[in-house]
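Asks: Dropping the sequence and predicted coords here.
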Amino acid sequence: MQKMAELLGLRDECGEGTSGAPALAGSCLADNRLNLDVYPDGCRRFLQLFKEQRGDVVQVEFLRLSSNDCLLDTTLGSLPHLKHLKSLVLKGGHARDEFGSYQHGSLTSLPPDFGNLRCLTHLDLSFNRLSTLPSCILHLPSLHVLLVSHNSLVTLPEDFGCLSKLTFFSAMKNQLKHLPQSIGELSMLQDLDLSENALELLPREVGNLHNCTELDLSGNRLSNIPDSLANLKSLRRLHLHSNLLVTVPASLASLPNLSRLDLQNNCLRAIPAEIQALPFVHVRGNPLGETEPSPQADKSSTRRLQRLFLASGEGSFTVTSEGCRVVLACGIHFYFPPGAASDPLRIYFRSLTPDPQWVKLRHHDVLLSRVLELQPHGVQFQQEVQIWMPYVSPQTPHQHEVVVRTFSGQSWSDLRTRVKRKKKSKKCVAHCCVLHFSWFLVVSRLVQNECRVPAEGTLLFSSVDPNIKVIFPPGVTKEPRSVKLQVLPVSAEEMEEITANAGCRASPLLYLSQDSTVDFLKPVRIQLPLPPGVTGLNLDRSRLHILHGDLEGQTWNDITSEVVLEFTHLYAVFEVTHFSWYWLWYTTKTYIGGIAKKVYERLRLYQVNFIALQRKKDPEQVLLQCVPKHKVDPVLKKLQDRYRGPEPSDMVEMFEGEQFFAAFERGISIDMDRPDCVDGRLSFIFYSHLKNMKEIYVTSPVDRKGQAVKGQVSFYRGAVPDSIPEDASRRRKGPDSLWLATLPIKLPQLKPRWDENPGPLYGFSFPPLNLGNAETGYLTQANLLSIARRVGADWQSIGLNLGLTYQQIERIGYNNREDLNKQILDMLFSWAQQNSEDPDCVSKLITAMKESGRQDIADEVEAIIELGRQKYSESIRRVGLEQESSTEDSAIAM
């Protein structure tokens, strides 16, 4: 194995020597484990090892490869030679597409002799393209854990039950329509996850899974379930939400160990009294108490429509031909009218952080929401589906309007939108109707007026300023074309502030566009109001200029001498044959193009300040935020009770959709494996009406036992939107083009910590802990200690949200009344011991932290779970470097 480690370390991308041998070897190889899924060329590395150090490779017991690797097919032929292999991970999802979605791997089958891996106990083939389960898997006699989630399986083999040693099976998010009867022969199965498939019936043999403790059938098309489920005496959790159930057997109430029964979002109009009496049953989202609609009932009536209420952890629901109303935890509403879907259809949804690389904002647009993705993409509904998307009301002037924007896969377009404002709050809802699903977001844009121009000609005027008109004469076009008009008023005060010249005046900025690339056949007449304070009586024509801007506003040309200007007492009229930006200026300056460009760029900039605050109860928790200048005082007032810190930074200017970074310096560091960390710096995207905030946990490699650490956080510019001119980004206000601001961060001197005692933890002695499950990774005792150090005075609310009773909290507080650290440890480890067997305990911990206002801890744990494979490989490296490490130490590290 030592030779194999050297080989891994001594080869770079070209196969030549490199000085980074120990670090690279340790990062992918430890003991009898080979973790190559963290490398984009992991399969190439494996093949090279297999060729040059075959004797060592065949001894490997744990192997991880990415099925997104282009050399996967070549690598599969070598795997059956690894006779000692116990755990094999061939997962996809290691790459993302342009929209942030995980890309499935290329795996579609396995070689027949794969069944010769007699020692294999754990196999993970998730996020691939399997349409059938490879038959060779049925010949793996030692298999205990099998994961094939996020594939395209339609059925399972009829002899699937021959996997007699299977204890964990996950086939979530496939296309399974039925199950083989032999599934009842899996006598040792403890966890069965078949959620988000297309199951319509369950075989009675499922009731033979006597050792099953958790059964997840949510998100299918089940209208009933067999009475045989009452035979599952070991069952603790039964998930049946988001199906089409019209009845459930009363015998489920007799299950002796059942602690959770989820029946939410079904079609249940009545529930047996025995089931209703259970304290742990969840039935929200069912039409309970409603009668069946008669055939004579008005089909357009929505009074009896099923209402579905989705919790924060759910990501899908089923729509039938009967229609339904759906409410997501984030406040988004859907209305599917009866007949919108002819057959039951599974809808998947998720909320995405906007990425300026593909969320292309137009000039003067303001983003008001995150991106909502609805799948399946492109499915055509029989009737329009209504969507209500909440957003915070923008403080934009009257010349802006709110619209829902959707992405077709190639371009963005705006939907006809109605806005409803809530009277008692600033929150608003944007409503639109669609016939297909894709990506949606809410933006504020310049008010848009449009018309269809026929060959006979027409008139278009602005609703923002009716004095602005565009006149299309007869014969202006052969084929009808669509024309759009937008107007941006510029006040005299803004002009004076930007130009530092009280004599400069300008008309509203006019933008014209059309859906044709051909110029008009005849000139189009444009009427613009004269600049403020200028009339036909006092007009000095030498000072009046017509400016034409290109589509991006990067260049402005004076076209006064190229057009014929006509004047009235209030207006200027001129003619053009193609559309773009037009601006009427009144000034004594001669270099008008440069001044106009400067003014136009300034109109698109936002003045912002940076804040860096530390939580009073836990100074290692730091809140960073980029706040528009007019919001700084309200934000600080809202945070002052829980946070303290320096005054906000000096004002700088940023564009909508601009990237910036935060770097902790001078003895302060953060977790470099965070998904938003780039080269050791936190990445942000500035959107003027989104929060632009992150709350993170910082540490210091400096010894703080003797003194405090006086560090700092600095903010730097990143990428700007593509539509921003390069020279504009260089001339923004700020010390220079990269560095923006620096704010001090102080970490106080450390007091002795309880985990520095080599003996029992303050009198507590617990067996080793591994919280979580095999697919997502574990939290260990060391992880919980790290969490406990940050809990502080919030421990009671966290304990209650974890499910501890008031009596337990009071007892813990009384027994450890002299020491807050002991209270925290007692609460956290008591809960952990009670829930160590629950595979959902990590998600429950995250939820409890969020509900207790500790988003910082929740974010850190979520990042660990999301980056489980990276964390796992690092922990394996540590195991390989420590001779006396235990299984507990190889779990995911905090």
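Replies: Sure, I can see it.

Asks: Show me where the stretch 1-150 of the chain has its strands.
Replies: With DSSP state E, counting those that start in this stretch as the criterion, the stretch 1-150 of the chain has strands at 29-30, 33-35, 62-66, 87-91, 122-124, 145-147.

Asks: can you give me phi and psi for the closest residue to residue 831 other than its chain neighbours?
Replies: Among residues not flanking residue 831 along the chain, residue 802 sits closest, at 4.9 Å (Cβ to Cβ, 6 or more residues apart in numbering). In this view, the C-beta of every residue, glycine as well, is placed from N, C-alpha and C. Dihedral pair for residue 802: phi -80, psi -10, per degrees, to the nearest 10.

Asks: Pairing partners for residue 741 in the sheet, please.
Replies: residue 715 (DSSP bridges).

Asks: Can you give me the neighbour number for it?
Replies: Other residues near residue 741 come to 23 when the count uses other Cβ atoms under 10 Å.

Asks: got a list of what the residue nearest to residue 831 touches?
Replies: 831, 844, 845, 848 (Cβ atoms under 8 Å, 6 or more residues apart in numbering).

Asks: which stretches of the stretch 351-500 of the chain form strands?
Replies: Ranges of strands within the stretch 351-500 of the chain are 366-367, 371-375, 385-392, 400-407, 412-414, 418-421, 427-434, 439-446, 448-453, 458-461, 469-472, 481-488, based on DSSP E, counting those that start in this stretch.

Asks: contact partners of the shortest one?
Replies: I take that to be strand 366-367. Contacts of strand 366-367 (Cβ under 8 Å, 6+ apart): 354, 359, 361, 394, 396, 400, 441-445, 656-657, 687-690.

Asks: Show me which of the residues you listed are buried.
Replies: 354, 359, 361, 394, 396, 400, 441-445, 656-657, 687-690 (16 or more other Cβ atoms under 10 Å).

Asks: Tell me how the chain divides into domains.
Replies: Listed by the TED database, the domain ranges of the chain are 28-150, 153-289, 306-446, 449-603, 606-721+736-747, 781-876.

Asks: Average pLDDT for the third one, rounded please.
Replies: Averaged across domain 306-446, pLDDT comes to 86.

Asks: From the chain's centroid, how far away is that domain?
Replies: In terms of Cα atoms, centre = their mean, to the nearest Å, the centre of domain 306-446 is found 15 Å from the chain centre.

Asks: ok, back up a step: CSV for the strands of the stretch 1-150 of the chain, including mean neighbour count?
Replies: Output for the strands of the stretch 1-150 of the chain, formatted as CSV (neighbours: other Cβ atoms under 10 Å):
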stretch, mean neighbour count
strand 29-30, 26
strand 33-35, 25
strand 62-66, 23
strand 87-91, 22
strand 122-124, 20
strand 145-147, 21
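
Asks: Could you identify which of those has the lowest mean pLDDT?
Replies: Among the strands of the stretch 1-150 of the chain, strand 29-30 scores lowest, at a mean of 48.

Asks: List phi and psi for the closest residue to residue 693 other than its chain neighbours.
Replies: Counting by Cβ to Cβ, 6+ apart, the nearest residue to residue 693 once its immediate chain neighbours are dropped is residue 625, at 4.1 Å. Dihedral pair for residue 625: phi -150, psi 140, per degrees, to the nearest 10.

Asks: quick one: low-confidence parts of the stretch 551-700 of the chain?
Replies: Within the stretch 551-700 of the chain, the ranges that satisfy pLDDT under 70 run 552-553, 591, 671-675.

Asks: could you pull out the strands for it?
Replies: Assigned by DSSP E, counting those that start in this stretch, the stretch 551-700 of the chain shows strands spanning 556-558, 566-567, 571-576, 581-586, 605-615, 621-628, 643-644, 652-655, 658-665, 677-678, 681-686, 693-697.

Asks: got the contact list for the last one?
Replies: Contacts to strand 693-697, defined as Cβ under 8 Å, 6+ apart, come from residues 620-626, 662, 670-671, 674, 676, 682, 684, 790, 855-857, 859-860.

Asks: try the longest one
Replies: Contacts made with strand 605-615 from outside it, assessed by Cβ under 8 Å, 6+ apart, are listed as 620-629, 632, 635-636, 639, 642-646, 648-656, 686, 688, 713, 715, 732, 740-741, 743, 745-746, 856.
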